[in-house]
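> build the 3D model from these lines:
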Amino acid sequence: MEDNVKVVYVRFDKNLDYKEVVNSYPIKKFLETVFGDFPTMISPTKFEFDRDKLGEFIQDEYDKSHSYVIDSMNLPPHILEDYCKNVGVERKRLDEVELAEFEPEILLDDHIVVIVKKNKVLGVFVTELDFGHIVDEL
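Numbers count the residues shown, from 1 in each chain. The predicted model follows:
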């Protein structure tokens, strides 16, 4: 049996519940379509990186490529409800926060998946190998 693809998730907005996101079956199914295998979520703690710098880098990559989003999905409702409660706003629509797959300008083996709200990146999913490449770029 082949190992699942290892995916790193880094949140830039602490209002997203880390455990809810990494344990979400709908999110993992979306990542499976992106990476070609059901993901094993791993912690980014084995890498040394500056979260703010990474956030700026991913936001910049998304800004350059967001008009070429390949696929997207609404964030699961229970995660969205929790996020809206944490930021103190009433949820108005189901598509306020979504997952978006895009191909960044930086050359990587796979695409990147971000959690975005109104084109603001709140978190990123990337394969372990590509995460290492990104950290090296920083």
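
> just want the most central residue of this protein.
Geometric centre of the chain, nearest residue: residue 124, 2.6 Å, by CA atoms, centre = their mean.

> pLDDT at it, what is it?
Here, the pLDDT recorded for residue 124 equals 97.

> quick check: residue 99 is in a helix.
No - looking at residue 99 with DSSP: H, G, I helix; E, B strand; the rest coil, it is strand, so not inside a helix.

> name the nearest residue to it, ignoring sequence neighbours.
Excluding the flanking residues, the one nearest residue 99 by CB to CB, 6 or more residues apart in numbering is residue 73, at 4.7 Å. The way it works is simple: take the backbone N, C-alpha and C, and place the C-beta from them, glycine included.

> who touches the helix or strand containing the one you found?
Take DSSP states H and E as the rule and residue 73 turns out to sit in strand 71-74. With CB atoms under 8 Å, 6 or more residues apart in numbering as the test, strand 71-74 has contacts from 26, 30, 33, 34, 80, 94, 95, 97, 98, 99, 100, 101.

> what's the closest of these to residue 10?
Using CB to CB, residue 99 is the member of the contacts of strand 71-74 that lies nearest residue 10, at 14.2 Å.

> okay, and the beta partners of the closest one?
residue 73, residue 115 (DSSP bridges).

> tell me which residues touch it, please.
Listed by CB under 8 Å, 6+ apart, the contact partners of residue 99 are 27, 30, 72, 73, 74, 75, 113, 114, 115, 116.

> and the last one, how far is that from residue 40?
Residue 116 is 24 Å from residue 40, where distance means CB to CB, to the nearest Å.

> just the fifth one next, same as before
Taking CB to CB as the measure, residue 74 and residue 40 are separated by 24 Å.

> ok, residue 45 - how many residues close by?
7 (other CB atoms under 10 Å).

> hmm, I was thinking of residue 66
By other CB under 10 Å, 15 other residues sit near residue 66.
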